[in-house]
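Engineer: Have a look at this prediction, sequence included:
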Amino acid sequence: MVVLPDHLHAVWTMPEDDADFATRWRLIKSAFSRSLTSGERVSDSRAAKGERGIWQRRYWEHTIRDQNDFTRHIDYIHVNPVKHGLVPRVMDWPYSSFHRMVKIGIYPEDWAGDVSNDGGDFGERP
């Protein structure tokens, strides 16, 4: 999981015969929103519906096809803070499961190096 200022990425293992992403996202967004003080800019349409201005309304889901697909998605979410110009290295972003994965030996601490000026795949595996 990686939490960014305007969005987040997560990879979930869903229970067997359960694909209710919408309810899970609603609960996560609601709990998080209630934990923050208000004050962000809210559009008129959001205000009319009682919504906050911190989350986008939609989400995208993707069913992982195989181990390669899983690896590519995990790499993508971990390099996303670099891709968005928030940090020069993956290890510099504190709001990421990358650090837990380093501790358990899945990634080296310097994985992807400094890719801020790479202009290409941002550390994603081909």
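Structural biologist: Now that the structure is in, tell me what you want to look at. All of these numbers come straight from a predicted model, not from anything done at the bench.
Engineer: The residue in the chain sticking out farthest from the centre and V3: what is the separation?
Structural biologist: What lies farthest from the middle of the chain is A48; by C-alpha atoms, centre = their mean that is 27.9 Å. Plainly put, A48 is 28 Å away from V3 if you go by C-beta to C-beta, to the nearest Å. C-beta coordinates here come from the backbone N, C-alpha and C atoms, glycine included.
Engineer: Ok, K103 next?
Structural biologist: Applying C-beta to C-beta to K103 and V3 gives a distance of 18 Å.
Engineer: which one of those two has more residues nearby?
Structural biologist: Taking neighbours as other C-beta atoms under 10 Å, K103 and V3 compare with V3 leading, 15 against 10.
Engineer: For S38, give me its contacts.
Structural biologist: R52 (C-beta atoms under 8 Å, 6 or more residues apart in numbering).
Engineer: so what's the residue farthest from the centre of the chain scoring on pLDDT?
Structural biologist: pLDDT, A48: 87.
Engineer: Likewise for R89?
Structural biologist: For R89, the model assigns a pLDDT of 96.
Engineer: So which residues of this protein form helices?
Structural biologist: For the chain, the helices defined by DSSP state H cover 21-35, 44-48, 67-83, 98-103.
Engineer: looking at the ones you listed, which is buried most?
Structural biologist: helix 67-83 (a mean of 18; mean count of other C-beta atoms under 10 Å).
Engineer: Output the helix or strand of the chain with the lowest mean pLDDT as CSV, nothing but the C-alphas.
Structural biologist: Across the helices and strands of the chain, mean confidence by mean pLDDT, DSSP states H and E is lowest for helix 44-48: a mean of 83. What follows is helix 44-48, C-alpha atoms only, in CSV (Å, rounded to 0.1, in the frame of the first residue of the first chain):
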residue,chain,number,x,y,z
ASP,A,44,-20.6,22.9,-4.5
SER,A,45,-21.7,19.5,-5.8
ARG,A,46,-19.7,17.7,-3.1
ALA,A,47,-21.0,20.0,-0.4
ALA,A,48,-24.6,19.3,-1.5
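Engineer: what sits up against that helix?
Structural biologist: With C-beta under 8 Å, 6+ apart as the test, helix 44-48 has contacts from R52, G53.
Engineer: now do 7 Å
Structural biologist: Outside helix 44-48, the residues that touch it by C-beta atoms under 7 Å, 6 or more residues apart in numbering are G53.
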